[in-house]
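[1] A predicted structure for the sequence below; I have some questions about it.
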Amino acid sequence: MMSAIEHTRRYYQSKIAALGPTPAGVDWGSAQAQVTRFDQLLKLIPQTAWAMRSSFNDLGCGYGALLERMTSCGINVDYLGIDLVPDMVEAARQRFAGLGEFEVGRGCSRLADYSVASGLFNVCHETPQAEWESFIVEVLDDLNSHSLRGFAFNCLTSYSDPEKMRPGLYYGNPLWFFDLCKRKYAKNVALLHDYGLYDFTIIFESAASERG
Ligand SMILES: C[S@@+](CC[C@H](N)C(=O)[O-])C[C@H]1O[C@@H](n2cnc3c(N)ncnc32)[C@H](O)[C@@H]1O
């Protein structure tokens with residue numbers, strides 16, 4: 001049987017092959033929805049640090065659209081994008097040569113100030129819930145152990161309208177994730193569920209940078 005990660009790789013490979021380096025090619029409904037998600041994740045970086053060229057891991061970077069958003073907002077980072085799919089990484093390198101580094105992988109390869117994961121947990125295919133949630137926790141462990149100041153991720157929400165929910169997608173319970181994250185990773189955890197999409201974002205301040 002195909003592993004969850006192999007399913008994921010093939011799924012996104014087929015998306016970029018069919019739709020190119022576009023929001024649809026990384027499975028977002030629109031460019032606006034993609035940017036709205038980015039803007040939640042970027043609340044991770046305090047504005048006072050925008051010019052500091054903090055190091056930043058973008059796990060599951062796709063074709064690198066987050067780097068474009070950061071640049072247009074004036075957030076200057078030492079950026080590393082990592083993605084499972086070689087064609088995503090190649091597209092990102094072509095678009096953003098000189099602005100950031102990109103590599104093929106399934107986890108963070110360096111310690112950075114900040115890390116994010118946008119859209120990694122949405123498409124679970126037929127993977128049983130418990131198995132998919134263990135996969136998510138593995139990714140969160142990886143983000144936690146490679147982030148000095150904090151990390152953030154998003155996930156589709158179990159509070160979506162039932163008639164809009166589709167098979168093969170994972171809808172996480174934000175309360176379960178908040179509780180997990182609060183107990184396992186950090187004292188300072190923010191749950192954002194107020195930006196008009198059928199998902200939520202969780203932001204952590206890592207233990208090392210917590211005050212008091
Ligand atoms: C929904 S797309 C989002 C891409 C990008 N973050 C964005 O928002 O434009 C998810 C991406 O994560 C990648 N991906 C999924 N699981 C991954 C993992 N465990 N490690 C690295 N990349 C992963 C996929 O190949 C895909 O390009």
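    Sure thing, it's come through.
[2] quick check: residues of this structure near the ligand?
    8, 12, 26-27, 34, 59-62, 65, 82-85, 88, 106, 118-120, 139 (C-beta under 6 Å from any ligand atom). No exception for glycine: its C-beta is placed from N, CA and C like everyone else's.
[3] just the buried residues of the residues you listed.
    Among the residues of the chain next to the ligand, the ones that count as buried by 16 or more other C-beta atoms under 10 Å are 8, 12, 26-27, 34, 59-62, 65, 82-85, 88, 106, 118-120, 139.
[4] and these, which of them are in strands?
    Among these, DSSP state E puts 59, 82-83 in strands.
[5] pLDDT score for A51?
    A51 is assigned 97 on the pLDDT scale.
[6] what sits against the nearest residue to A112 once chain neighbours are set aside?
    Distances taken as C-beta to C-beta, 6 or more residues apart in numbering place S55 nearest to A112, at 3.9 Å, with adjacent residues excluded. Residues near S55 by C-beta atoms under 8 Å, 6 or more residues apart in numbering: 77-78, 80, 110-114.
[7] helix, strand or coil for V189?
    strand (DSSP: H, G, I helix; E, B strand; the rest coil).
[8] and it, how far is that from the ligand?
    According to C-beta to the nearest ligand atom, to the nearest Å, V189 stands 21 Å off from the ligand.
[9] now swap in N76 and tell me
    20 Å.
[10] what's the closest non-adjacent residue to that residue?
    According to C-beta to C-beta, 6+ apart, the nearest residue to N76 is R53 (5.0 Å).
[11] before we move on, what about L191?
    That would be F178: by C-beta to C-beta, 6+ apart, it lies 4.8 Å from L191.
[12] mind telling me what element that neighbour is part of?
    Under the criterion of DSSP states H and E, F178 resides in helix 174-184.
[13] and the contacts of that helix?
    137, 140, 144, 155, 157-159, 189, 191, 193, 200, 202, 204.
[14] redo that, cut-off 7 Å
    155, 157, 189, 191, 193, 200, 202, 204 (C-beta atoms under 7 Å, 6 or more residues apart in numbering).
[15] how many residues are close by the third one?
    Right, V189. Neighbours of V189 under the rule other C-beta atoms under 10 Å: 19.
[16] whichever strand in the chain runs longest to helix 174-184, inter-axis angle?
    Longest strand of the chain, by residue count under DSSP E: strand 147-156. Counting by axes from the mean of the first three to the mean of the last three C-alpha atoms, to 10 degrees, strand 147-156 lies at 160 degrees to helix 174-184.
[17] pLDDT averaged over strand 147-156 - what is it?
    97.
[18] one more: stretch 20-29?
    Mean predicted confidence for stretch 20-29 is 98.
[19] extract the C-alpha trace of that stretch and format it as CSV.
    What follows is stretch 20-29, C-alpha atoms only, in CSV (Å, rounded to 0.1, in the frame of the first residue of the first chain):
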residue,chain,number,x,y,z
GLY,A,20,1.7,25.1,-13.2
PRO,A,21,3.2,27.4,-10.5
THR,A,22,-0.1,29.1,-9.6
PRO,A,23,-2.3,29.1,-6.5
ALA,A,24,-4.4,26.3,-8.2
GLY,A,25,-1.2,24.4,-8.8
VAL,A,26,-0.7,24.1,-5.1
ASP,A,27,-4.4,23.4,-4.6
TRP,A,28,-5.6,26.7,-3.3
GLY,A,29,-9.0,28.0,-4.4
